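1. give me the fold of what follows.
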Amino acid sequence: IAMGKVLFNYHPFTYISATFGASYSINENDISYTNDSTFRFNPEYVGSNRLQAFAQLFWDINDLQRITADLNFNITTQDSTDKQLTYVPTVQFATNYHHYFTKEFGTIIGAKYIGNRYADFANSIELDGYFDITFRAEYYFAESLGAFVNLENIFNQEIYIWNGYKQRGIFAQLGVLYTF
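-> From the prediction side, this is the model:
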């Protein structure tokens, strides 16, 4: 029902940029999920308050290298209680290192952290936070045609995104890129 957002963009040089901000919202029907004893998910609409503070950084080290980073802090409450909304982590962080060896070939190494979150309204079922390390390589044969290989969960961790549902282990993907 009510929402506010503040942004601050800092761009001192052409090769570095940072955005900082915060948002606050009061919702009458915010969707939240719980699951029953058979691990079926039930969407429920609850009143909520959400406060988010965030930062984003872009740093072009040179023409061939770039670092990006995102940091989010989330404070949520359901209705007028001090209980957190389900599946909303308090802390999220992601960073990527982009390296282009040539105009045609580049790689991206990424790390993501998702903090602890709750799987029920009583906040009695807590899912552990996790790190996910990724790798991507792209090669362009022409300006609009390329191929990629993508690896996720490189260290094959046991990651539970939802209560009772484990994310796949190490995952590899091959594909073709076509832009028009």
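2. C-alpha from now on. contacts and neighbour counts both.
-> Will do.
3. now do the buried residues in the lengthiest strand in the chain.
-> Scanning the chain for the longest strand, with DSSP state E as the assignment, gives strand 41-62. For strand 41-62, a neighbour-count test (16 or more other CA atoms under 10 Å) marks 46-59 as buried.
4. same question for stretch 144-160.
-> G146, F148, N150, L151, E152, N153, Q157, I159.
5. quick one: furthest residue from the center of the protein?
-> Centroid-distance maximum for the chain: A142 at 30.9 Å, with CA atoms, centre = their mean.
6. can you name the element that comes right after the longest strand of the chain?
-> Next helix or strand after strand 41-62 toward the C-terminus (DSSP states H and E): strand 65-78.
7. which elements pack onto the next helix or strand after that next one?
-> As assigned by DSSP H and E, the chain's next helix or strand after strand 65-78 is strand 91-100. Contact partners of strand 91-100 among helices and strands, from 3 or more CA pairs under 8 Å, 6 or more residues apart in numbering; DSSP states H and E: strand 65-78, strand 105-114.
8. would you turn those into a markdown table with distance to F93?
-> What follows is the helices and strands packed on strand 91-100, written out as a markdown table (distance: least, CA to CA, whole Å):
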| stretch | distance to F93 |
| --- | --- |
| strand 65-78 | 5 |
| strand 105-114 | 5 |
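9. now mean neighbour count, mean pLDDT and distance to L174 too, for the ones you listed, in JSON lines please.
-> Shown next, in JSON lines, are these (neighbours: other CA atoms under 10 Å; pLDDT from 0 to 100; distance: least, CA to CA, whole Å):
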{"stretch": "strand 65-78", "mean neighbour count": "18", "mean pLDDT": "95", "distance to L174": "23"}
{"stretch": "strand 105-114", "mean neighbour count": "18", "mean pLDDT": "97", "distance to L174": "14"}
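10. of all those, which one is nearest A122?
-> Checking those against A122 by CA to CA gives strand 65-78 as the closest, at 10.1 Å.
11. rewinding a little: now flag whichever of the buried residues of stretch 144-160 is closest to T19.
-> Among those, and counting by CA to CA, the member closest to T19 is E152, at 27.2 Å.
12. element containing the closest residue to the closest one other than its chain neighbours?
-> Distances taken as CA to CA, 6 or more residues apart in numbering place T134 nearest to E152, at 4.6 Å, with adjacent residues excluded. Assessed by DSSP H and E, T134 sits inside strand 130-142.
13. buried ones in that strand?
-> Buried residues in strand 130-142, counting neighbours by 16+ other CA under 10 Å, are found at Y130, F131, D132, I133, T134, F135, R136, A137, E138, Y139, Y140.
14. now do it against strand 91-100, angle only.
-> Computed with axes from the mean of the first three to the mean of the last three CA atoms, to 10 degrees, the direction of strand 130-142 lies at 30 degrees from that of strand 91-100.
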